[in-house]
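Trainee: Give me coordinates for this.
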Amino acid sequence: MKTTILKTTAVSLALGAALLCSTSCGDKFLTEVKHDSYTTDMLDTPEGLQSMAGSLYEFFVWPFTSESGYAYTNYGTDEFMVANDKSNQMWNDYDFRLGSEVTPKVNGNTQGSDSWWNQCYTYIGRCNTIIGRADVLDGFAGRDETLGTAFFVRGYAYLFLTMQYGDVPLVTEEINTPEREFTRESSEKVYERVISDLEQAYSMLTADAGRATYNYVTRYTAAHYLAKAHLWRASEINDDWNAPYKEQDLEDVIRYADEVIAAHPLAANFEDLFNNFTAYDSSITETNTEIVLSSGSSDADVSYHKSNKGVAYFCSWYSSFQFMKRDIAGAREYQRLKTTPSYAFYLYDLKNDSRFWKSFRTTLAVNNVSDTEIEVQGQKYTGTEYFPSNNGEYMGVMYIINRNDSDDEQGIRVTRNEVNLVKAPTHGTYTVMDYRTGKYVPTVMALKIYDDTKTEAIGTCFTPDYNELYVSLSKYFDGGVEKNNLNYSYRDAVLARSAEDYFFKAEALIRQGSIDEGLAVLKPLRDRAQFRAGEERDAYTDGGNAYHYNPYKDGLNGYNANCAFYPMNTYYYSVGGWDDPEERARMNSQASVLPVVTSGNYPEEDQAIMDKLGYSSDYDKAMCYLLNEKSREMYGEYLRWMDLARTKTLEKRLVFNDQAWGKELRNILGQTADVNGAAYAESTYGGSFDPGKHYRRPIPQTFLDNINTGGRPLTADEKQAMQNPGY
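Mentor: Just a heads-up that it's a prediction; the model follows:
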């Protein structure tokens, strides 16, 4: 849902364009929007400053229009690694190219170490202009909202900067002329400014929590980020200086988190957060009470759109599978982010935790059926005879998560001849039947491939190498766009939701030593994650389903009756029951139950991860569980790198990211070759992570090259002294 104030175009002139001078911000910012009728005199009026405050909302959109959004936050973690497109491989593998200047670049999509830096300081410059001219707003009805927005965005930007880079320049006054003399301020001082700015915002912004669903920042948005700032300051990455602050910080985390939790009740159902999207503005995914901050990426009228490319970055390949083609519901396959098989598929209680099945897409529908002759179970048909519709009615692709690690999980067992292993298969397999339609599925992929006797797992379809065959995160699909083959969406992007405040509070209590009290805080999230009594566990929806409600599709080439979205998942094929309708009916009638978690009773999935990572202390195990649970709840929500960096757990958890962990790639079975014996290509840069270096990002070369000291450029030694260690 688009914020109305966004439609009042920013006065993008003069303000802090000189901030960090030429390359860092200035010229790019000056050319963003051209309005010949505006002059900088507008900034001497309340209306001009209010308009500039409206422009600050564009900052929340930017991460979802740029590849930097995922490169800085999702890559190089336990949740994601590189799929088939290596444009930003260095951000995942931590190799030598990830430096003050990212070089050599793979292509034009490769993101530099200055992209977030430049964006943050551009918007900090705008905030400084508004705050520095506060007296202009005296007596103006919109004073508090205008100033509160500026204080919030400045605190928000500095929080992101210090989480990524550590010590950064702290610029808090308006700059109207080119300035080159800048130094880095300590993280301690930056956090002081972040908290001060957010407290100012908290005191000025509206207490109407409902305004968040219209993309406005509110008092509770400020409270959410105050909780985050206090928790981040109290985290391990700051242990060399944060001791005087920790005790009060943790109290403040709990206080602010409680306030947000009270103001923003959880959405009733997990699928209401991302999956139940059918139309811009009206869908519960954009109006639920859990939203604390979202970007104004969409509008009922798409002429006002701001693109959200999450729809493409997470999407796996499907368009060359039999009877498949790229369409709106299926999305464009940019193949950037590949779910890590040894983590994503072993993290959840697959039988009882609905969040896995509501966070990942495990089926697609045939959408490009032709008269090609096919053979199904010994019988020959034409494709159109066997599948008489392209409109999402017949399953064309299935991803089976047949972990089969316990008696409680007895998923279907398939052999190498029953699954697809390549991007462009010459024919379908037709070995597994869709029990809903009675039709056999052309393309089947499985977590475990079995020998011919179906007793021993001998391989997997979800390999650790850089390829396009993986299970897509489903949170950002959008079937409502007005053109085919788009690489972006118009959906709002959620930057903050109150579920995270439960994690803030739980972690603060754990850090205070109240481990079981902290673990209990997360129970409402786990309760919501359970399948409800009467809920069909194999029913599925995601934003691709919006295709069926799409007001633009009629009469446009390539739209009619082409829908890759399929309203079913592979739950029963993965955990058992695909061949027993009575068992399916029984399970659907019952609510699932996730165990109550205490320090003496962790779920078996978590205990396995703790054992693998070598955790034994009560604190380490509790924090491991909390980080696991946060993945289950918030997988792929552009948060993970900061969580692992601040807790200093990146190094250990990269064991789940085979590409970053070492040169020799191993699949879920520990094998270094695929099921046919072909060795996985070596990870050229695997094992490059350096804990003395990579918990911070490199200070951009563009900044170092453009600043002065004493009126002269920095020497090479001075630049090195200003750089983060190791770069």
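Trainee: Give me the mean pLDDT for stretch 84-94.
Mentor: Taken as a whole, stretch 84-94 carries a mean pLDDT of 97.
Trainee: can you check stretch 690-698 too?
Mentor: Stretch 690-698 shows an average pLDDT of 98 in the prediction.
Trainee: repeat for stretch 257-272
Mentor: The average pLDDT within stretch 257-272 is 99.
Trainee: Count the neighbours of Asp620 for me.
Mentor: Burial of Asp620 is recorded as 15 neighbouring residues (other Cβ atoms under 10 Å). Quick note: C-beta positions are derived from backbone N, CA and C, even for glycine.
Trainee: Against Thr647, how distant is it?
Mentor: From Asp620 over to Thr647 the distance is 10 Å, taken as Cβ to Cβ, to the nearest Å.
Trainee: and what of Pro63?
Mentor: For Pro63, the distance to Thr647 - Cβ to Cβ - is 22 Å.
Trainee: what about those two, which has more around it?
Mentor: Taking neighbours as other Cβ under 10 Å, Pro63 and Thr647 compare with Pro63 leading, 24 against 18.
Trainee: give the contact list for that one.
Mentor: Neighbour list for Pro63: Gly69, Thr73, Ala493, Tyr638 [criterion: Cβ atoms under 8 Å, 6 or more residues apart in numbering].
Trainee: Residue ranges in the stretch 301-450 of the chain under the pLDDT threshold?
Mentor: Residue ranges of the stretch 301-450 of the chain with pLDDT under 70: 301-307.
Trainee: Helices along that one, start to end?
Mentor: Secondary structure of the stretch 301-450 of the chain by DSSP state H, counting those that start in this stretch: the helices cover 310-313, 341-347, 354-357, 383-386.
Trainee: list the helices and strands the second one packs on?
Mentor: Applying 3 or more Cβ pairs under 8 Å, 6 or more residues apart in numbering; DSSP states H and E, one finds that helix 341-347 contacts helix 604-613, helix 618-634.
Trainee: and of the contacts of Pro63, the nearest to Phe80?
Mentor: Distance to Phe80, by Cβ to Cβ, is smallest for Thr73 among the contacts of Pro63, at 9.7 Å.
Trainee: Please name the nearest non-neighbouring residue to that closest one.
Mentor: Tyr638 (4.4 Å; Cβ to Cβ, 6 or more residues apart in numbering).
Trainee: Next one, pLDDT for that neighbour please.
Mentor: 98.
Trainee: Likewise for the one 3 residues further on?
Mentor: In this prediction, Trp641 carries a pLDDT score of 99.
Trainee: Tell me which entries of the contacts of Pro63 lie within helices.
Mentor: Gly69 (DSSP state H).
Trainee: For PyMOL, what selects the buried ones among the contacts of Pro63?
Mentor: In PyMOL syntax, the buried subset of the contacts of Pro63 is picked out as below (16 or more other Cβ atoms under 10 Å):
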select buried, resi 69+73+493+638
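Trainee: okay, the contacts of Pro63 in CSV with distance to Ala134 next?
Mentor: Shown next, in CSV, are the contacts of Pro63 (distance: Cβ to Cβ, whole Å):
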residue, distance to Ala134
Gly69, 32
Thr73, 33
Ala493, 30
Tyr638, 32
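Trainee: the helices in the stretch 51-200 of the chain, which residues?
Mentor: Assigned by DSSP H, counting those that start in this stretch, the helices in the stretch 51-200 of the chain fall at 58-61, 68-71, 89-93, 115-132, 143-165, 187-204.
Trainee: buried ones in the fifth one?
Mentor: For helix 143-165, burial by neighbour count (16+ other Cβ under 10 Å) applies to 143, 145-165.
Trainee: With stretch 258-274 instead?
Mentor: 259-261, 263-264, 266-267, 269-274.
Trainee: Adjacent strands (with direction) for the longest strand anywhere in the chain?
Mentor: Looking across the chain with DSSP state E, the single longest strand is strand 395-400. Sheet pairing for strand 395-400, assigned by DSSP bridges, gives strand 363-365 (antiparallel), strand 443-446 (parallel).
Trainee: what sits against the nearest residue to Arg143 once chain neighbours are set aside?
Mentor: Nearest non-adjacent residue to Arg143, counting by Cβ to Cβ, 6+ apart: Leu137, 4.1 Å away. Contacts for Leu137 (Cβ under 8 Å, 6+ apart) come out as Pro46, Leu49, Arg143, Thr146, Leu147.
Trainee: again, but for Ala539
Mentor: Counted by Cβ under 8 Å, 6+ apart, Ala539 has contacts Pro567, Met568, Asn569.
Trainee: Test my guess that the last one contacts Asp538.
Mentor: Yes: when contacts are counted by Cβ atoms under 8 Å, Asn569 is listed as touching Asp538 (5.6 Å).
Trainee: more neighbours, these two?
Mentor: Neighbour tally, Asn569 and Asp538, criterion other Cβ under 10 Å: the higher count belongs to Asn569, 27 against 23.
Trainee: And the pLDDT at the more buried one?
Mentor: pLDDT for Asn569: 99.
Trainee: Now do the longest strand of the chain: distance to the chain's middle.
Mentor: Taking Cα atoms, centre = their mean, to the nearest Å, one finds the center of strand 395-400 at 24 Å from the center of the full chain.
Trainee: just stretch 127-135 next, same as before
Mentor: 33 Å.
Trainee: do stretch 583-597 as well
Mentor: Using Cα atoms, centre = their mean, the mean C-alpha position of stretch 583-597 is found 29 Å from that of the whole chain.
Trainee: Roughly how far does the residue nearest to Thr73 sit from Val471?
Mentor: Tyr638 is 19 Å from Val471, by Cβ to Cβ.
Trainee: ok, now Lys86?
Mentor: Lys86 sits 20 Å away from Val471, going by Cβ to Cβ.
Trainee: So which of the two has more stuff around it?
Mentor: Using other Cβ under 10 Å as the criterion, Lys86 and Val471 rank with Val471 on top: 25 against 18.
Trainee: Give the full set of residues in contact with that one.
Mentor: Ser316, Thr339, Ala344, Phe345, Phe360, Arg361, Thr362, Tyr399, Ile401, Phe462.
Trainee: now do Tyr549
Mentor: Thr278, Ala279, Gly480.
Trainee: got the contact list for the closest residue to the last one other than its chain neighbours?
Mentor: Distances taken as Cβ to Cβ, 6+ apart put Ala546 closest to Gly480, at 3.9 Å, once the chain neighbours are dropped. Contacts of Ala546 were listed using Cβ under 8 Å, 6+ apart, and they are Phe277, Thr278, Ala279, Ser283, Ala329, Asp478, Gly479, Gly480.
Trainee: Check the secondary structure at the last one for me.
Mentor: Yep, that's Gly480 we're talking about. Assigned with DSSP: H, G, I helix; E, B strand; the rest coil, Gly480 falls in the coil class.
Trainee: Use 10 as the first number from now on
Mentor: Done: numbering now begins at 10, and the last item shifts to Gly489.
Trainee: Got phi/psi on Thr718?
Mentor: phi -140, psi 130 (degrees, to the nearest 10).
Trainee: Isn't it up against Asp726?
Mentor: No: here Thr718 lies out of contact with Asp726, judged by Cβ under 8 Å, at a distance of 11.5 Å.
Trainee: what's the span of stretch 146-154 from first residue to last?
Mentor: End-to-end distance of stretch 146-154 (Cα to Cα, to the nearest Å): 10 Å.
Trainee: do stretch 241-254 as well
Mentor: 11 Å.
Trainee: in it, what counts as buried?
Mentor: Trp241, Arg242, Ala243, Ser244, Ile246, Asn247, Asn251, Tyr254.
Trainee: Thank you kindly, that will do.
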